[in-house]
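Participant: What follows is a protein structure lacking sequence information:
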């Protein structure tokens, strides 16, 4: 049951819907039904283009004006419906407006609890930290501290880098080719496209475009060997590292899962040298990869875990969890006005608990395996698909020129558009934006997965025929 802006509550048969009075609809920019909806949507998009900065991204490639959403489905202002396989860049573990999330948010609003509390202790925060710790790797949860950061994942990355530098007294950082850790200064330094920074860049193993030209376990072994040799070389030019930061699956970098043996070797290398290991779980956490955390596949326990996106249940929330011995900060050494988001903590608690109780990580593993197999079958008939890879419901298709094997960003953009024309929202990633990425919610049903695969299978040959 929803309460409308006019104070009325309404329930329709099937999914619950919100009915707004005409003035409220105008204020909320929800267009009327019928032909006027398209005109309203066009006006909104036109004003956005005039008012918002040139840095906007998704709005350029996905000119959709969402007005309603539930689960996998978004309804645009023009009345069209879309299957959303972007999920807020992986934020929406339970899809749009899941009932348990809405109930949790409504419960805080109805309780009269303060919505802004800085870092004060509250029952809502206590419930969130309790549920979060219950889902951590047990060896970390047994002796961990949590720091609430600014509301975005990049803020948590900054906090993690600041923490290990303070704890070790060192300034260097070990990061990986292809990495993406956020858009603020320190996070960008650690990301793969950075230049002129105090970061040592290490090879991240991948099969399809292995930096050593061999791929597979041997490529991963060589990547680990290179890392170890560089760190132990007194003339290697490596600034004394305060930490190593790694994504269990590189998402924006093109959906490259870290081999389990390699990730375990990174843990061994860092532990032997007293280098804190930071796992960036911003996109891989909360069941996305088929385990609750991406590091769980390898059984690795990092010193610091960076979390955001799904832990807020669709609302802004970011934290780092780390071993207690690293907790060297003085009071106020790291702060932020909006680190006490009560609504996000309530939504996050509900999301974490729902994923745990309903085995959604295991569900993501099984469904992801089925989708990967189907996509590899599709790739066999589509020479433009160079590689299909992923883990759980974090899936990528790398598109290439069939004759040269070179990345094909224009073709990938055409596939994205053909998908959108068919009511499927996907996005691109990878070094050359040539990887079509799927990040559906963990609540995806078998029937919905089939619909996603059917639309993608139809979009691929259409994009190949399309003038680029």
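Facilitator: Done, it's in. Keep in mind the model is a prediction, meaning the values are calculated, not measured. Numbering: from 1, shown residues only.

Participant: Now do stretch 180-191: distance from first to last residue.
Facilitator: Stretch 180-191 has its terminal residues 5 Å apart, counting by Cα to Cα, to the nearest Å.

Participant: Please disregard the earlier target; I meant stretch 138-154.
Facilitator: 25 Å.

Participant: cool, stretch 270-281 as well?
Facilitator: Terminal residues of stretch 270-281 lie 18 Å apart, using Cα to Cα.

Participant: buried ones in it?
Facilitator: The neighbour-count check on stretch 270-281 (16 or more other Cβ atoms under 10 Å) flags 270, 275, 276, 277, 278, 279, 280, 281 as buried. C-betas here are computed from N, CA, C, even on glycine.

Participant: From the chain's centroid, how far away is it?
Facilitator: With Cα atoms, centre = their mean, to the nearest Å as the basis, stretch 270-281 stands 21 Å off its chain's centre.

Participant: what's that stretch in contact with?
Facilitator: Identification of contacts with stretch 270-281 by Cβ atoms under 8 Å, 6 or more residues apart in numbering yields 157, 160-161, 164, 167-168, 174, 179, 181, 231, 241-248, 266-267, 269, 293-295, 300, 302-307, 326.

Participant: Equivalent analysis for stretch 147-161, please.
Facilitator: Contacts for stretch 147-161 (Cβ under 8 Å, 6+ apart): 119, 163, 173, 181-187, 190, 242-243, 245, 278, 280, 282-283, 304, 306-309, 312, 316-320, 322, 329, 334, 336, 338-341, 344.

Participant: Let's verify residue 174: helix, strand, or coil?
Facilitator: Under DSSP: H, G, I helix; E, B strand; the rest coil, residue 174 falls in the strand class.

Participant: Mind checking what secondary structure the residue nearest to the spatial centre of the chain has?
Facilitator: In the chain, the residue lying closest to the centroid (Cα atoms, centre = their mean) is residue 283, at 2.8 Å. Here residue 283 is recorded as coil under three-state DSSP.

Participant: Neighbours of residue 163, how many?
Facilitator: By the measure other Cβ atoms under 10 Å, the count of residues near residue 163 is 26.

Participant: mind listing what it touches?
Facilitator: Residue 163 neighbours (Cβ under 8 Å, 6+ apart): 147, 304, 320, 322, 326, 328, 329, 334.

Participant: Off-centre distance for the strand or helix carrying it?
Facilitator: Here residue 163 sits within helix 153-168, counting by DSSP states H and E. Relative to its chain's centre, helix 153-168 lies at 19 Å (Cα atoms, centre = their mean).

Participant: Give me the angle between that helix and strand 172-176.
Facilitator: The directions of helix 153-168 and strand 172-176 differ by 140 degrees, with axes from the mean of the first three to the mean of the last three Cα atoms, to 10 degrees as the criterion.

Participant: avg pLDDT for helix 153-168?
Facilitator: The average of the pLDDT scores along helix 153-168 is 94.

Participant: follow-up on the earlier one: what about the buried residues of stretch 270-281, which are in strands?
Facilitator: If you go by DSSP state E, the buried residues of stretch 270-281 have 277, 278, 279, 280 in strands.

Participant: Make JSON lines out of the residues you listed and add distance to residue 388 and pLDDT.
Facilitator: Shown next, in JSON lines, are these (distance: Cβ to Cβ, whole Å; pLDDT from 0 to 100):
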{"residue": "277", "distance to residue 388": "29", "pLDDT": "98"}
{"residue": "278", "distance to residue 388": "29", "pLDDT": "98"}
{"residue": "279", "distance to residue 388": "25", "pLDDT": "98"}
{"residue": "280", "distance to residue 388": "24", "pLDDT": "97"}
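
Participant: okay, those residues in TSV with distance to residue 361 next?
Facilitator: As requested, those are exported to TSV (distance: Cβ to Cβ, whole Å):
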residue	distance to residue 361
277	22
278	22
279	16
280	18
